[in-house]
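Chemist: Kindly return the folded structure for what I paste below:
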Amino acid sequence: MSTLVAAIDPTRESLARFVAEVPSGQPVLMLNLLRFCEQAGYGAEHSAVPCSGREAYAEYSRQVLPLLHGVGGQIFWLGKAHCAVIAPAGEDWDEVLLVKYPNKEAFLQMIQSSAYRAIVHHRTAALADSRLVATTEAPLG
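Modeler: Predicted structure coming up:
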């Protein structure tokens with residue numbers, strides 16, 4: 001059985017794979033699985049009032065929403081995760097978030113902007129673990 005590894009921020013390799021594998025010019029729905037830290041983990045380089053991971057993520061959400069809308073994106077769905085029915089033992093999540101972008105280029109534009117780089121530390125501090133899965137529509141059957 002493999003040990004679960006926390007994944008908070010995209011790597012250079014995962015972004016290269018996103019660019020190479022996700023088709024251009026079509027809507028992308030990003031599946032976010034989120035597990036919050038009990039206490040947000042702001043490092044010394046970011047002065048922040050002590051708060052929970054959920055509170056830090058709420059601050060990130062408040063600040064990212066205008067950037068998301070600015071690239072044509074939108075929150076598609078947000079839900080409280082209760083339990084994993086099929087998953088490795090210990091892989092539990094607090095929230096599931098679906099974010100829709102008009103295309104992969106819009107997502108990249110947002111995360112590469114200086115405005116996003118100025119706020120992403122709230123997300124990083126908030127999360128104990130996460131998954132971000134890029135999806136595009138597929139025909140049924």
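
Chemist: mind listing the strands in this protein by residue range?
Modeler: 28-36, 74-80, 95-101, 127-135 (DSSP state E).

Chemist: Figure out which of those strands is closest to residue 57.
Modeler: Across those, the minimum distance to residue 57, taken as CB to CB, is reached by strand 28-36, at 6.2 Å. C-beta: built from backbone N, CA, C; applies to glycine.

Chemist: what packs against the closest one?
Modeler: In terms of contacts (3 or more CB pairs under 8 Å, 6 or more residues apart in numbering; DSSP states H and E), strand 28-36 is packed against helix 53-70, strand 95-101, helix 104-112, strand 127-135.

Chemist: what's the longest one packed up against?
Modeler: What that stands for is helix 53-70. strand 28-36, strand 74-80, helix 104-112, helix 114-117, helix 120-126, strand 127-135.

Chemist: Comparing those, which stretch has the densest surroundings?
Modeler: helix 120-126 (a mean of 21; mean count of other CB atoms under 10 Å).

Chemist: which outside residues touch it?
Modeler: Identification of contacts with helix 120-126 by CB atoms under 8 Å, 6 or more residues apart in numbering yields 8-9, 36-37, 40-43, 46, 48, 53-57, 59-60, 63-64, 111.

Chemist: By neighbour count, sort out the buried ones in these.
Modeler: 8, 36-37, 40-42, 53, 55-57, 59-60, 63-64, 111 (16 or more other CB atoms under 10 Å).

Chemist: what's the most distant pair in the residues you listed?
Modeler: Farthest pair in the buried ones among the contacts of helix 120-126, by CB to CB: 55 and 111, 22.4 Å.
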